[in-house]
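Novice: sequence-free structure coming up:
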């Protein structure tokens, strides 16, 4: 199963394409506002409004053999702890070896933003190469998860 933290996920179409090719079920979890997919492998899960409702729903269900797609580092840490494979939308895998470091970096960046309210985010745009890298990473993660699940 693939769980997608879908509200701000830029790779929903890529997840659906890879899942369809490999015949893997997907749960697109959001607070609403996402158009339902006609794909029978894709389940739209709408959780109540509120902080972290989608994250909590996913974290309670993620298990070994599952893949979680999220940019939310605390959710990633919970999913890794539960034994799931975790990918960020850029294709970076979060594992037991690097998720704590990612949490520490997240906290540091939050502190820096709080100290300088004029500091703007400003990464580069998400492009075709990022999408291709994500598709390849998802394919690898699903194959590895299938061996564990």
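Specialist: That came through, no problem. Predicted, not measured: the structure shown is a model, and the values here were computed from it. Numbers count the residues shown, from 1 in each chain.
Novice: what segments of this structure are helices?
Specialist: Listed in chain order, the helices of the chain (DSSP state H) span 12-22, 53-61, 73-81, 99-115, 128-148.
Novice: could you find the closest non-adjacent residue to residue 78?
Specialist: Nearest residue to residue 78, sequence neighbours excluded (Cβ to Cβ, 6 or more residues apart in numbering): residue 59, at 4.1 Å. Glycine gets a C-beta too; all of them are placed from N, C-alpha and C.
Novice: counting neighbours, what do you get for the one you found?
Specialist: 23 (other Cβ atoms under 10 Å).
Novice: my read: it touches residue 82, true?
Specialist: Yes: with contact defined as Cβ atoms under 8 Å, residue 59 counts as touching residue 82 (7.1 Å).
Novice: remind me which residues of the protein are low pLDDT?
Specialist: 99-100, 102-124, 149 (pLDDT under 70).
Novice: enumerate every residue touching the nearest residue to residue 134 once chain neighbours are set aside.
Specialist: Of all residues not flanking residue 134 in the chain, residue 91 sits nearest, at 4.2 Å (Cβ to Cβ, 6+ apart). Shown in contact with residue 91 (Cβ atoms under 8 Å, 6 or more residues apart in numbering): 130, 133-138.
Novice: okay if I get those as TSV plus distance to residue 65?
Specialist: Shown next, in TSV, are the contacts of residue 91 (distance: Cβ to Cβ, whole Å):
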residue	distance to residue 65
130	26
133	23
134	20
135	20
136	20
137	17
138	15
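Novice: what subset of these is buried?
Specialist: Buried by 16 or more other Cβ atoms under 10 Å: 130, 134-135, 137-138, out of these.
Novice: so which of the residues you listed would you say is closest to residue 9?
Specialist: residue 134 (10.2 Å; Cβ to Cβ).
Novice: measure that closest one to residue 87 for me?
Specialist: Using Cβ to Cβ, to the nearest Å, residue 134 is found at 7 Å from residue 87.
Novice: please identify the most buried of the helices of the chain.
Specialist: Most buried of those by mean neighbour count (mean count of other Cβ atoms under 10 Å) is helix 73-81; its value is a mean of 21.
Novice: gap between that helix and the chain center?
Specialist: Remark: helix 73-81 is offset 10 Å from the chain centroid, using Cα atoms, centre = their mean, to the nearest Å.
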